[in-house]
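*Asks:* return a 3D structure for these sequence lines:
(one chain, ligands or ions: 1)
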Amino acid sequence: LIQLFIPLNALGFVYREIRQALVNVERLFALLGDKPAIEDAPDAQPLRVSRGEVCFDRVHFGYRPDRPILTDVSFRIPAGHTVAVVGASGAGKSTLARLLFRFFDVDAGAIRIDDQDLRSVTQDSLRAAIGVVPQDTVLFNDTLYRNLAYGRPEATEAEVHRAARLAHLEEFIHSLPEGYETRVGERGLKLSGGEKQRVAIARVILKNPPLLILDEATSSLDSLSEQAILGALGEVSRERTTLVIAHRLSTVRDANTIIVLDRGRVVESGQHHSLLARDGHYARLWHQQHRPSAVDTPDGPELSPD
Ligand code: ATP
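*Replies:* Model prediction:
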């Protein structure tokens, strides 16, 4: 009974969290961690984003003291640039995103946005400045319109429609008999992974944050959905400082810089062609993904350990 109770209780909490607060759906990720909740420092100040530069400075982190996950990770995302992180499953890619969102604090080193240490700013201001396109978007049992407007509930109808258009959702919405009034979520129309991700992109377009985390879907999409997602992602990441967590390599080629993580360490960084030419870790991941048999796997060409 206890075993049954705990998950149901947790689900109840998640549900209340969504219904009541309607704050940041991304906050739900915080429930996944082992570490105690992060608190604001007594003298925490609101984050002031001027340029929008992100800096990971010799970051060390483990969910548990006996198991380091990230070791001495340093990189910079200049304002408006896109950095994509690649690496085998479990290398620590999503952990970087969780740290930037400050679900956890680093054990050593620092993460800074425009020279402000994340530990010195309020969490609300930090999370207001970052948009997240998660792998699996939460949809509420409500209309598609309200699910989109969740990105900024006070948005006008014209703004919601514009966001849907930029997120390459308009054609899909027009194909539904009830259009924007279609009920979605558990009790309504089930959206595909790609459609849900585009809802998340529309929400981010409405939220209009200076910084962005894209957690690329792990499962493969058909090539039409993939093109639509890539178009929408290009739109949303333009002129925003963007961290892409690339479980596959489809969004990586256009990144300003690619960072290769191997067991929590940065082992290579650079652009697609120069990394391929180095014939190192990145080249191995790339060839692994693009060998003929990888294309045929049910999950598509996902990165996996060697
Ligand atoms: P994938 O591409 O498979 O999503 P990843 O590179 O994003 O992998 P992470 O999710 O960052 O990998 O996980 C890195 C390591 O940290 C993994 O070994 C994982 O088991 C561990 N880990 C992740 N989340 C937690 C957590 N909340 N508590 C404890 N360990 C965790």
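*Asks:* number of residues surrounding the closest residue to the ligand within the stretch 201-306 of the chain?
*Replies:* Closest residue of the stretch 201-306 of the chain to the ligand, Cβ to the nearest ligand atom: residue 247 (4.4 Å). (Glycine included, C-beta is placed from N, CA and C.) Neighbours of residue 247 under the rule other Cβ atoms under 10 Å: 22.
*Asks:* correct me if wrong: it contacts residue 216.
*Replies:* Yes. Between residue 247 and residue 216 there is a contact at 5.4 Å, judged by Cβ atoms under 8 Å.
*Asks:* between the two, what contacts are shared?
*Replies:* Between them, residue 247 and residue 216 share these contacting residues under Cβ atoms under 8 Å, 6 or more residues apart in numbering: residue 135.
*Asks:* where does the closest residue to residue 116 other than its chain neighbours land in three-state SS?
*Replies:* Nearest residue to residue 116 in three dimensions, chain neighbours excluded: residue 47, at 5.9 Å (Cβ to Cβ, 6 or more residues apart in numbering). Under DSSP: H, G, I helix; E, B strand; the rest coil, the three-state class of residue 47 is coil.
*Asks:* wait, doesn't residue 47 sit right on residue 124?
*Replies:* No. Counting by Cβ under 8 Å, residue 47 stays clear of residue 124, with 9.2 Å between them.
*Asks:* more neighbours, the two?
*Replies:* Ranked by neighbour count (other Cβ under 10 Å), residue 47 and residue 124 place residue 47 first, with 22 against 14.
*Asks:* next, count neighbours for the residue lying closest to residue 234 once chain neighbours are set aside.
*Replies:* Nearest in space to residue 234, with sequence neighbours left out and distances taken as Cβ to Cβ, 6+ apart, is residue 254 at 7.2 Å. As a burial measure, residue 254 scores 15 neighbours (other Cβ under 10 Å).
*Asks:* likewise for residue 130?
*Replies:* Using other Cβ under 10 Å, residue 130 has 26 other residues around it.
*Asks:* what does the model give the closest residue to it other than its chain neighbours for pLDDT?
*Replies:* Nearest non-adjacent residue to residue 130, counting by Cβ to Cβ, 6+ apart: residue 211, 4.6 Å away. Looking at residue 211, its pLDDT stands at 95.
*Asks:* quick check: residue 124 is in a helix.
*Replies:* Yes. Per three-state DSSP, residue 124 lies within a helix segment.
*Asks:* so who does it touch?
*Replies:* By Cβ under 8 Å, 6+ apart, residue 124 lies in contact with residue 46.
*Asks:* about what we covered before: roughly how far apart are the residue nearest to residue 130 and residue 192?
*Replies:* Separation of residue 211 from residue 192 (Cβ to Cβ, to the nearest Å): 27 Å.
*Asks:* those two: which has the busier surroundings?
*Replies:* residue 211 (24 against 12).
*Asks:* I'd say that one and residue 241 touch.
*Replies:* Yes. Counting by Cβ under 8 Å, residue 211 touches residue 241, with 5.0 Å between them.
*Asks:* overlap in contacts of those two?
*Replies:* With Cβ under 8 Å, 6+ apart as the test, residue 211 and residue 241 both reach 52, 54.
*Asks:* show me what residue 257 bridges to in the sheet.
*Replies:* Legend: beta-bridge partners of residue 257 under DSSP bridges are residue 83.
*Asks:* tally of neighbours for it?
*Replies:* 18.
*Asks:* over to residue 37?
*Replies:* 10.
*Asks:* can you tell me the element it falls in?
*Replies:* Using DSSP states H and E, residue 37 sits in no helix or strand.
*Asks:* check the gap between it and residue 116 for me.
*Replies:* 21 Å.
*Asks:* residue 266 contacts residue 258, correct?
*Replies:* No. Assessed by Cβ under 8 Å, residue 266 is found out of contact with residue 258, at 10.7 Å.
*Asks:* this completes my enquiry, with thanks.
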